[in-house]
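In: next come a sequence and a model predicted from it.
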Amino acid sequence: ASGRPIRAVQVGGPLGAYLHEGQFDTPLDYEAFAAISAVLGHGGIVVHDDSVNMADMARYAMEFCVEESCGKCTPCRIGSTRGVEVIDRIVNDVQKDKNTVLLRDLCDTMVYGSLCAMGGMTPYPVLSSLNHFPEDFGLQPAAKV
């Protein structure tokens with residue numbers, strides 16, 4: 001709607017992964033999305049133009065989980081709160097490398113330790129932002145192999 005170039009597409013709702021331009025041709029099926037560490041979720045599709053800051057979007061996902069968590073399990077309840085803090089430290093250049101490792105570990109704990117999809121899916125937009133748009137976190141892009 002803005003007429004600006006597309007930067008990212010989020011599929012699956014507010015906890016869906018962000019797809020970068022090289023993934024826009026991914027078939028909308030469970031297997032294809034699983035292969036790229038994404039999910040179809042409820043099937044919602046949101047398109048973001050090139051003005052979006054993906055670190056802000058990752059923070060939004062963690063903050064969404066903070067607000068919506070039922071509080072029953074620690075990975076979701078505490079993990080999302082700590083996730084917001086860690087993302088803030090990364091973008092504010094506070095021990096960036098150490099906190100990036102910590103964020104990835106925290107996301108891993110949330111994926112495998114949460115009792116429901118809420119905590120288990122919150123890392124999808126966070127990790128996809130971190131992996132595909134590292135420059136928005138002030139990080140160097142990974143070398144292409």
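Out: Cool, got the structure.
In: ramachandran coordinates for residue 60?
Out: Phi and psi for residue 60, reported as degrees, to the nearest 10, are phi -60, psi -40.
In: again with the one 3 residues further on
Out: Residue 63 has phi and psi values of phi -70, psi -40 when expressed as degrees, to the nearest 10.
In: output the contacting helices and strands for the least confident helix or strand in the chain by mean pLDDT.
Out: Least confident element among the helices and strands of the chain, by mean pLDDT, DSSP states H and E: helix 117-121 (a mean of 88). Applying 3 or more C-beta pairs under 8 Å, 6 or more residues apart in numbering; DSSP states H and E, one finds that helix 117-121 makes contact with helix 54-68, helix 74-91, helix 96-113. From N, CA and C alone the C-beta is placed, and that goes for glycine too.
In: got JSON lines for these, with mean neighbour count, mean pLDDT and distance to residue 21 too?
Out: Below are the helices and strands packed on helix 117-121 laid out as JSON lines (neighbours: other C-beta atoms under 10 Å; pLDDT from 0 to 100; distance: least, C-beta to C-beta, whole Å):
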{"stretch": "helix 54-68", "mean neighbour count": "20", "mean pLDDT": "93", "distance to residue 21": "13"}
{"stretch": "helix 74-91", "mean neighbour count": "20", "mean pLDDT": "94", "distance to residue 21": "23"}
{"stretch": "helix 96-113", "mean neighbour count": "17", "mean pLDDT": "95", "distance to residue 21": "23"}
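In: want to try TSV for these, with distance to residue 44 as columns?
Out: As requested, the helices and strands packed on helix 117-121 are exported to TSV (distance: least, C-beta to C-beta, whole Å):
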stretch	distance to residue 44
helix 54-68	14
helix 74-91	20
helix 96-113	20
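In: out of those helices, nearest to residue 7?
Out: Of all those, helix 54-68 sits nearest to residue 7, with 7.8 Å by C-beta to C-beta.
In: how about the CA coordinates for the closest one, as PDB?
Out: Taking C-alpha atoms only, helix 54-68 is exported to PDB below (Å, rounded to 0.1, in the frame of the first residue of the first chain):
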ATOM      1  CA  MET A  54      13.300  -5.800  12.000                       C
ATOM      2  CA  ALA A  55      15.000  -5.400  15.400                       C
ATOM      3  CA  ASP A  56      11.900  -3.400  16.500                       C
ATOM      4  CA  MET A  57       9.700  -6.200  15.100                       C
ATOM      5  CA  ALA A  58      11.600  -8.900  17.000                       C
ATOM      6  CA  ARG A  59      11.200  -6.800  20.200                       C
ATOM      7  CA  TYR A  60       7.500  -6.400  19.400                       C
ATOM      8  CA  ALA A  61       7.200 -10.200  19.300                       C
ATOM      9  CA  MET A  62       8.900 -10.700  22.700                       C
ATOM     10  CA  GLU A  63       6.800  -7.900  24.200                       C
ATOM     11  CA  PHE A  64       3.600  -9.400  22.800                       C
ATOM     12  CA  CYS A  65       4.500 -12.600  24.600                       C
ATOM     13  CA  VAL A  66       5.200 -10.700  27.800                       C
ATOM     14  CA  GLU A  67       1.700  -9.200  27.700                       C
ATOM     15  CA  GLU A  68      -0.100 -12.400  26.500                       C
END
